[in-house]
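In: sequence and predicted structure, then a few things I'm wondering about:
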Amino acid sequence: MLLENRESKKMIREGGMIVIDRIQKTRSGEILIPPFHSGHLGLIPGTAEQPNQVLVSLNSDFNQAEPTDCEVVFSPYPQSEANMMQLSCTIKDEPGVVSRLIHAISDLKINIATLQTSTIDRLDHHFVNMILDWRTSQFNSKLASDPSVLHNFQDYRELLPIGEERYVKLFVSILAQCGDVLAWEEFAGRQLPRLKLRPFEHVHKFMFPGEAIVTRADKPPYHVTVKCPEKVLRSLRDQLGATSETLHYVLLSETEEGTLRAFFPNPHRVANMIHIGFFHDDKPQALHALTDMVANAKFNVVTSLLRKHSFGRSAWEALLEYRGDERLPTSIEERMKPEWACAQFSKITLPGLAERLRKFNVEVGLPEYPKYPQGNRVSLSNLLPAEKRREERATNQALELARDHSLLREQVDTMVAEGQGSTSPKLRLLKVAEKYAGSMKPTIFLSYPKAANYHASFLIGELEKHYHVDFYQEPDGEVIMSQVGDKIRQADFFIGIWHHEFMLPNGITYGISPWLPFEYGIAYAENKPTLIVHSGKLDETIWKRLNPETAQPSYMDVEFVPVTIPLMVNYCLGHFRSARYSTDEVSQRGVGENEVYEARGPA
């Protein structure tokens, strides 16, 4: 895919809208920009007295010895990885709200580089997007936030980098000015304001920065041109290893960051590129079948766009790069005809793919953008090889999870072999996903002291008929703080056996290990469904501090195995139901709605 560099992936991850274009060519380094790129980026022609200038810089991996792909970046404001940031905010639509938001920014003397605002949500709200520059502010340096700030704002880390003090100051300033008009939304079960602050963390260096003037193109109408500065163009040709005067490029504009990128592929790649359209029935799994077909035919997707074409039909228009062994037609005109590409697409090797494609009545032809002369489209169904029809099978969730588990296991093994440690966020995420896909059984974390080893061993034996049971029994406090915390967070449910350990000074009742309330506190903070059983010998001031919503029956040692364990298992089967279980799966285990144990101690 074209969007392989880390900066483009970052744009997608943050939700920025990317506008893509077809492949174009230039001889003089003059870039032709259509109006759907130029308008929202502010690339508008000025006058002779006041020309509109943009910054132009080259982005390339200059450590490569061989010719490589390059990117030229056009921006109306300076590219500064340390001081540029984006603010996006949704507020109530009423007079003065935008002014109040700008007031919060102005108080910190932050310069506004670009501003986009629009009324949305049936005219009920107003969306504001800004690019801000810290350089004019007294907070133009990165200072770490105090530990107390990190603690107090940890629930809002999705909204801003709470580790930088200046972002917290701006966040607070906006709340002070606009807290009563901010729109809110639910995110992961929590209510959060629709406000995001994020720095531009460019992972590359812009080389040979220069300036260029935006001018009106002679044709087509409403287009503009920007000519690359000579030093940028000269270095661009060197990096590409270009021997011809003609260079090819694809434009991408990122609406929120306000930049235009011209991607220049290596000339050897351009010779293997075709621009083609796939017109198909608008049904689920159609695009999956088409992308499988394209990969099977050894084509790489450079850029693509899926859109509605007509009632019941969609069009997937793609710029493809052929990486197979067949020789492509030498002329661009012959490459643009769909017949050669269809001959490659019809060489199906994936079992069942031809039959999948036939369901969607796929036609192949020239894209409708840009306005290529439209010829006859080729019906792909007539070219596909005949296959023995396979019986349709209902989707089996267990088989899908087994497949996913195998794929995740391969990724985990690869990362471990590469030396990735347990602290790697990516490795931890893959392990959580692997655990989910590995079995339909949810996980219970069992918290108990060593004094209750006998009780726990019998309980684990019964619970493991229906659940995975995880626990930790190491005395090292530092290990408990780190590893046990992770185990509890990754579990679906939490059970605690609060067994008596030492007699209190009153000489009548007993106390418990301080680790048991600690572990319960983690589960409570993570909102885990919880069951606590406590020894009848405990002082009531200990177990009465539990949340009243937490099931907390008591037990006597002689009754734990024959009485308490069956009641606990019955309670779990009635209450500890993972989202992975369907109602049918629960009923197959023989648990009816009337069998749920109401958590209370023995009479």
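Out: On my side now, so go ahead.
In: and the strands in the stretch 201-350 of the chain?
Out: 207-216, 224-227, 247-254, 259-264, 273-281, 299-310, 313-322 (DSSP state E, counting those that start in this stretch).
In: export the fifth one as PDB, just CAs?
Out: Provided in PDB are the C-alpha atoms of strand 273-281 (Å, rounded to 0.1, in the frame of the first residue of the first chain):
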ATOM      1  CA  MET A 273       1.300   0.700 -12.500                       C
ATOM      2  CA  ILE A 274      -2.200   0.600 -13.800                       C
ATOM      3  CA  HIS A 275      -5.300   2.600 -12.900                       C
ATOM      4  CA  ILE A 276      -8.400   0.500 -13.000                       C
ATOM      5  CA  GLY A 277     -12.000   0.300 -11.700                       C
ATOM      6  CA  PHE A 278     -14.000  -2.600 -10.300                       C
ATOM      7  CA  PHE A 279     -17.800  -2.300 -10.500                       C
ATOM      8  CA  HIS A 280     -19.600  -4.800  -8.300                       C
ATOM      9  CA  ASP A 281     -22.800  -5.500  -6.400                       C
END
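In: report the buried residues of that strand.
Out: For strand 273-281, a neighbour-count test (16 or more other Cβ atoms under 10 Å) marks 273-280 as buried. Yep, even glycine has a C-beta here, placed from its N, CA and C like the rest.
In: out of the strands of the stretch 201-350 of the chain, which is closest to residue 107?
Out: Of all the strands of the stretch 201-350 of the chain, strand 259-264 sits nearest to residue 107, with 27.8 Å by Cβ to Cβ.
In: buried residues, the closest one. List them.
Out: 259-264.
In: which ones are touching the residue of the chain most remote from its centre?
Out: Distance to the chain centre peaks in the chain at residue 507, reaching 57.6 Å (criterion: Cα atoms, centre = their mean). Contact partners of residue 507, counting by Cβ atoms under 8 Å, 6 or more residues apart in numbering, are absent.
In: same deal with residue 335?
Out: Under the criterion of Cβ under 8 Å, 6+ apart, the neighbours of residue 335 are 274, 328-329.
In: what's the neighbour count on residue 296?
Out: Residues near residue 296, counting by other Cβ atoms under 10 Å, number 15.
In: surely it touches residue 350?
Out: Yes - assessed by Cβ atoms under 8 Å, residue 296 is found in contact with residue 350 at 5.3 Å.
In: quick one, domains of the chain?
Out: Following automatic domain parsing, the chain resolves into domains at 6-79+203-268, 84-199, 271-382, 395-430, 440-595.
In: with mean pLDDT added, can I get those in JSON lines?
Out: As requested, the domains of the chain are exported to JSON lines (pLDDT from 0 to 100):
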{"stretch": "domain 6-79+203-268", "mean pLDDT": "78"}
{"stretch": "domain 84-199", "mean pLDDT": "90"}
{"stretch": "domain 271-382", "mean pLDDT": "86"}
{"stretch": "domain 395-430", "mean pLDDT": "76"}
{"stretch": "domain 440-595", "mean pLDDT": "79"}
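In: residue 32 versus residue 470, what's the distance?
Out: 61 Å (Cβ to Cβ, to the nearest Å).
In: check residue 164 too.
Out: In terms of Cβ to Cβ, residue 164 sits 40 Å off from residue 32.
In: and for residue 375, the neighbour number?
Out: 12.
In: next: residue 151.
Out: By other Cβ under 10 Å, 11 other residues sit near residue 151.
In: ok but it is inside a strand, no?
Out: No - looking at residue 151 with DSSP: H, G, I helix; E, B strand; the rest coil, it is helix, so not inside a strand.
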